[in-house]
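Enquirer: okay, here's the prediction I keep looking at, along with the sequence it came from:
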Amino acid sequence: MNYNMSNSALLAEIGARLKSLRVEQNKDQQQFAYEAGLSLRTLSRLENGHSVSFEAVLKVIRALGLIERLDLLLPTVDISPVEQVKNKRSTPRQRASGRRTKPSTTTPHKNIGKNKKTWSGFKSASTFEGNDAQNHDSDKNESSKSKQPKGES
């Protein structure tokens with residue numbers, strides 16, 4: 001196979017190879033589809049280079065008796081004992097590691113003043129007015145009093 005082949009060309013090549021292996025075993029499509037546990041349509045689509053599920057491809061490979069050849073396609077990665085000691089790991093890796101970021105070292109500031117609160121989640125500490133209901137209501141009352149004309153209290 002050519003490494004520069006498109007996906008559709010690869011599908012056609014794989015389908016043709018699977019078909020020739022089936023014919024070598026002297027099996028017609030209907031008989032082979034039954035043995036593989038596939039519909040005749042799915043087997044036909046695979047052999048003609050159309051997209052089918054990976055499970056269908058595995059069923060055909062298994063029915064052809066080629067399942068052990070998957071090791072050639074996808075070899076297992078074994079780490080030698082020397083490499084395990086170098087890596088200081090006794091168990092194989094389960095996941096690829098991503099980039100880790102340092103956790104923020106800033107801590108929230110304590111309350112400054114009676115109703116002011118700060119939070120250091122921004123680049124610099126920010127101060128906020130308290131928002132409890134009593135202070136909020138008293139602020140409204142004071143502002144509404146100041147808006148009333150003089151003499152109407």
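Expert: That came through fine. Computed from a predicted structure; not experimentally measured. Residues are numbered from 1 along each chain as shown.
Enquirer: who's in contact with stretch 53-65?
Expert: Residues outside stretch 53-65 that contact it (Cβ atoms under 8 Å, 6 or more residues apart in numbering): 14, 18, 21-22, 25, 32, 35-38, 42-43, 46, 67, 69-70. All C-beta atoms are positioned from the backbone trio N, CA, C, and that covers glycine.
Enquirer: buried stuff in it?
Expert: 56-57, 59-61, 63-64 (16 or more other Cβ atoms under 10 Å).
Enquirer: wait, which of these is closest to S97?
Expert: For the buried residues of stretch 53-65, the minimum distance to S97 (Cβ to Cβ) is 31.6 Å, reached by V57.
Enquirer: picking that back up, show only the entries of the contacts of stretch 53-65 found in helices.
Expert: By the criterion of DSSP state H, membership of these in helices covers 14, 18, 21-22, 32, 35-36, 42-43, 46, 70.
Enquirer: quick revisit: ok, of the contacts of stretch 53-65, which one's closest to N2?
Expert: I14 (12.9 Å).
Enquirer: and that closest one, what does it touch?
Expert: For I14, the contact set (Cβ under 8 Å, 6+ apart) comprises 49, 57.
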